[in-house]
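Participant: build me a model:
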Amino acid sequence: MNRTLDIAPLRSFVAVADAGGFQRAADALHLSQGAVSQHVRRLESAIGRPLVERRGRGSRFTADGEKLLSLARGILALHDEVLQSFDDEAQGTIVIGSTEHAAAQLLPYLASVLDRSVPRYWVRFRIDRGIKLRESFATGRIDLALLLGPADDPRATPVGDLDLAWYSAPGWTPPRQGEPLPVVAFDTPCALRDRALGTLSHHSIPVAIAAEANQLAGVQAAVGAGAGVALLATLGQTPEGLVARDDLPKPLPLALWTRRGVAPTVSERVSDALRRLLTAPVLIETPPHDFVLARGA
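Facilitator: Here you go, the predicted model:
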C-alpha cells in the first residue's frame, strides 16, 4: 500500500473542525485557504473517499470525515508528544475555547500574538456554543475559555467589552407600531439570545422569533434574507450584506476563564493580548467570507 497520511494535511483537517471552517483554519495556521483546501484534497486522495461535502450554503464532514477526524486527533497528539519529548523547552499544548461571536475577529490576531508571547506552547483553538465550552472547561478539555457574560467567578478575568448592535437587511422594514418585532436568534441556551430578548422586554417591545440557528453564519444568512433583526457582537465591523440599526443595548462583557493548573504567565499573556485587541478595534478587520463547517447531521 503506497499511501501516506502526512502530518501537515492532518493538522489542517483538524483545524477546519476546531476553527469552524476553511478560512478560519487557514487564519489559525497562518496558511492560505487554498492551502488548507489542498491539504484536505490530499487526504481524500490518500483515503480514497470524500471527507467533506457541501450542504446548502455550508459544508460538513462525511461519515468518513468524522472517522478520520477522531483518528487524526490521536495521530497528532502522539506526533506532538514525540517531538516534545526531545524538546527540553517545550511545555505542551494550550487549548483555547471561544464562542463564534468573539472568534471571527479575535482569534486570527490572538494566534499571531501568542506565537510571539508563548512560543514554547502549541496553541489550539476550539470554537463552540457557550454551553458546550463551559462543559468542556469543566471537564478539563479546554484550558482557557473566552466567554460572553459576567466575570463573577474567581477563575474568570474580565478582558473587555464586545459592542453589541442590532443588524438587519438593507431593505428590511420595521413592523408597524404594536406588531411584534421579528428577531433572528441563536438556539437556546445562548447568552446573546438572552441579552437580545431581555433588552427588548425591558423596553416593552413585543417579539416574534422569526428564525433560529445554531451558528453565526446561519443567523447572518437569515437576517440578510430579510427574516428580521439580530443582535450581534461584531467589534464595530458591519457584516457583509447587513446594515446596523439604532437600537444599541449596553455592551456585554467578555471574560477569560482559566482552568486550574494552567501556568499563570500563560493566562496573563492571553488576557493582556485580548485587552489590547479589544481596546484597539481599528486594527481588527472583518475576515473574508467563509463557509461554516457544521458538525453532525
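
Participant: how would you label R3: helix, strand or coil?
Facilitator: Assigned state for R3: coil (three-state reduction, DSSP: H, G, I helix; E, B strand; the rest coil).

Participant: show the contacting residues for the nearest residue to it once chain neighbours are set aside.
Facilitator: Nearest non-adjacent residue to R3, counting by Cβ to Cβ, 6 or more residues apart in numbering: A46, 4.8 Å away. The C-beta positions use only the backbone N, C-alpha and C, and glycine is treated the same way. Contact analysis of A46 by Cβ atoms under 8 Å, 6 or more residues apart in numbering lists R3, T4, L5.

Participant: please repeat the previous calculation with a cut-off of 10 Å.
Facilitator: Going by Cβ atoms under 10 Å, 6 or more residues apart in numbering, A46 touches N2, R3, T4, L5, D6, P9, L68.

Participant: closest one of the residues you listed to A26?
Facilitator: A26 has its nearest neighbour among the contacts of A46 in P9, at 13.1 Å by Cβ to Cβ.

Participant: that's a helix at the closest one, yeah?
Facilitator: Yes - checked against three-state DSSP, P9 lies within a helix.

Participant: I'd say it and R42 touch.
Facilitator: Yes - if you go by Cβ atoms under 10 Å, P9 and R42 touch, sitting 4.9 Å apart.

Participant: where do the helices sit along the stretch 1-150 of the chain?
Facilitator: Under the criterion DSSP state H, counting those that start in this stretch, the stretch 1-150 of the chain contains helices at 7-19, 22-29, 33-47, 63-85, 100-117, 130-138.

Participant: could you point out which of those helices sits nearest V262?
Facilitator: Here helix 130-138 is closest among the helices of the stretch 1-150 of the chain (Cβ to Cβ), at 11.0 Å.

Participant: dump that closest one to CSV, restricted to CA.
Facilitator: In CSV, the C-alpha atoms belonging to helix 130-138 read as follows (Å, rounded to 0.1, in the frame of the first residue of the first chain):
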residue,chain,number,x,y,z
GLY,A,130,-21.1,28.8,25.1
ILE,A,131,-22.8,26.0,26.9
LYS,A,132,-20.6,23.4,25.2
LEU,A,133,-17.5,25.4,26.0
ARG,A,134,-18.4,25.6,29.7
GLU,A,135,-18.9,21.8,29.7
SER,A,136,-15.5,21.2,28.1
PHE,A,137,-13.9,23.7,30.5
ALA,A,138,-15.5,21.9,33.5
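
Participant: hang on, the earlier thing: any idea which of the helices of the stretch 1-150 of the chain is most buried?
Facilitator: Mean neighbour count (mean count of other Cβ atoms under 10 Å) peaks for helix 22-29 among those, with a mean of 24.

Participant: mind giving me the packing neighbours of that one?
Facilitator: helix 7-19, helix 33-47, helix 100-117, strand 122-127, strand 293-294 (3 or more Cβ pairs under 10 Å, 6 or more residues apart in numbering; DSSP states H and E).

Participant: show me how far the second one is from its chain's centre.
Facilitator: Put plainly, it is helix 33-47. 22 Å (Cα atoms, centre = their mean, to the nearest Å).

Participant: isn't G149 up against A156?
Facilitator: Yes - the pair G149 / A156 is scored as a contact, 8.6 Å apart, by Cβ under 10 Å.

Participant: so what's in contact with the two at the same time?
Facilitator: P253, A255, W257.

Participant: the stretch 151-297 of the chain: helices as residue ranges?
Facilitator: Along the stretch 151-297 of the chain, counting by DSSP H, counting those that start in this stretch, helices occupy 191-202, 216-224, 264-278.

Participant: which of the ones you listed sits closest to W172?
Facilitator: Closest among the helices of the stretch 151-297 of the chain, using Cβ to Cβ: helix 216-224, at 8.1 Å.

Participant: no more questions from me, cheers.
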